[in-house]
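Undergrad: Build the 3D model from these lines:
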Amino acid sequence: MGALVMTHSDDQGLVLPPSLAPIQVVIVPIYKTDEQLAAITAEVNVLTAALRKLHISVKFDDRTTQKPGFKFAEWELKGVPVRIAVGPKDLENGTFEVARRDTLTKEVVSKDGITAYIGDLLEQIQKELFEKALNYRNTHITEVNSFEEFKEVLDTKGGFVSAHWDGTAATEEKIKDLTKATIRCIPLDRVEEAGSCVFTGENSVGRVLFAKAY
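TA: This is a model prediction of the structure:
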């Protein structure tokens with residue numbers, strides 16, 4: 001959970017990938033009268049049923065104790081991937097306002113094809129969150145081949161340092177004493193390659209990832 005929060009979230013709160021979100025879509029009505037709410041609810045019920053047929057989890061937030069602005073902020077905080085707002089003008093125009101939690105962008109979408117649009121949008125959000133996290137990770141990994149490089153990257157750039165290691169706990173402990181960096185993982189997809197330990201110069205079978213705690 002900690003990794004999930006740190007990887008995707010922002011100053012507004014959680015950002016949940018659609019495949020992990022308990023609620024994938026929240027619908028917030030905007031109205032002034034009970035008649036408007038009744039008309040909106042009828043339209044939302046149709047949309048909700050259609051989305052659930054696609055196995056998309058939906059929440060209709062029709063609470064009368066909170067204003068729409070409060071609801072928007074609350075669901076942003078909870079990280080729901082997609083928020084739909086619908087009011088009297090939307091009913092007249094045959095549209096919905098669709099907001100993405102990850103980019104905080106909004107778009108007005110016709111109710112014709114809205115179900116397929118939401119399904120595609122959830123897949124797009126899932127893909128883009130993964131690609132953004134993967135790109136961030138990869139751009140924060142630096143390969144080094146000497147201990148001087150190792151120390152310089154830790155001092156100036158930070159992130160993960162990819163370096164050969166001789167496989168001994170003693171070497172890891174010495175590196176930790178000198179730099180405060182420790183081995184964070186041996187990548188599952190690392191290339192098995194002959195090399196020289198960045199610290200001792202002894203034989204190494206592959207690179208590992210070092211980092212400092214900040």
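
Undergrad: per the record, what domains does this protein have?
TA: 2-137, 141-212 (automatic domain parsing).

Undergrad: Tell me which helix or strand comes right after the lowest-mean-pLDDT helix or strand in the chain.
TA: Counting by mean pLDDT, DSSP states H and E, the weakest-scoring helix or strand in the chain turns out to be helix 2-8, with a mean of 90. Next helix or strand after helix 2-8 toward the C-terminus (DSSP states H and E): strand 25-29.

Undergrad: Which neighbouring elements make contact with that following strand?
TA: helix 34-53, strand 58-60, helix 68-78, strand 82-86 (3 or more CB pairs under 8 Å, 6 or more residues apart in numbering; DSSP states H and E). (Each C-beta comes from the backbone N, C-alpha and C, glycine too.)

Undergrad: could you give me the average pLDDT of it?
TA: Per-residue pLDDT over strand 25-29 has a mean of 98.

Undergrad: Just give the strands next to it in its sheet, each with its orientation.
TA: Partners of strand 25-29 in the sheet, by DSSP bridges, are strand 58-60 (parallel), strand 82-86 (parallel).

Undergrad: how far is it from where the chain is centred?
TA: Taking CA atoms, centre = their mean, to the nearest Å, one finds strand 25-29 lying 21 Å from the centre of the chain it belongs to.

Undergrad: got it, and stretch 61-75?
TA: Counting by CA atoms, centre = their mean, stretch 61-75 comes out at 23 Å from the chain centroid.

Undergrad: How about residues contacting it?
TA: The contact list for stretch 61-75 (CB atoms under 8 Å, 6 or more residues apart in numbering) reads Q12, V26, I27, V28, P29, I30, L37, T41, R83, A85, A99, R101.

Undergrad: I figured the fifth one hits A39, correct?
TA: So that's P29. No: in this structure P29 lies outside contact range of A39 using CB atoms under 8 Å: 9.6 Å.

Undergrad: Low-confidence ranges, the protein, go.
TA: Of all residues in the chain, none has pLDDT under 70.

Undergrad: if we can go back for a sec, neighbour count: P29 and A39, which is higher?
TA: Taking other CB atoms under 10 Å, P29 and A39 do not tie; P29 has more neighbours (24 against 16).

Undergrad: Spit out the contact partners of that one.
TA: Applying CB under 8 Å, 6+ apart, we find P29 in contact with L37, I40, T41, V44, F60, D61, D62, P68, A85, V86, G87.

Undergrad: of all those, which comes closest to E202?
TA: Nearest to E202 among these, counting by CB to CB, is D61 at 61.2 Å.

Undergrad: Pop out the phi and psi values for that closest one.
TA: Note on D61: backbone dihedrals following degrees, to the nearest 10 are phi -90, psi 80.

Undergrad: longest helix of this protein?
TA: helix 114-139 (DSSP state H).

Undergrad: Only the buried residues of that one, if you could.
TA: Buried positions in helix 114-139, judged by neighbour count with 16 or more other CB atoms under 10 Å: I114, T115, Y117, I118, G119, L121, L122, I125, Q126, L129.
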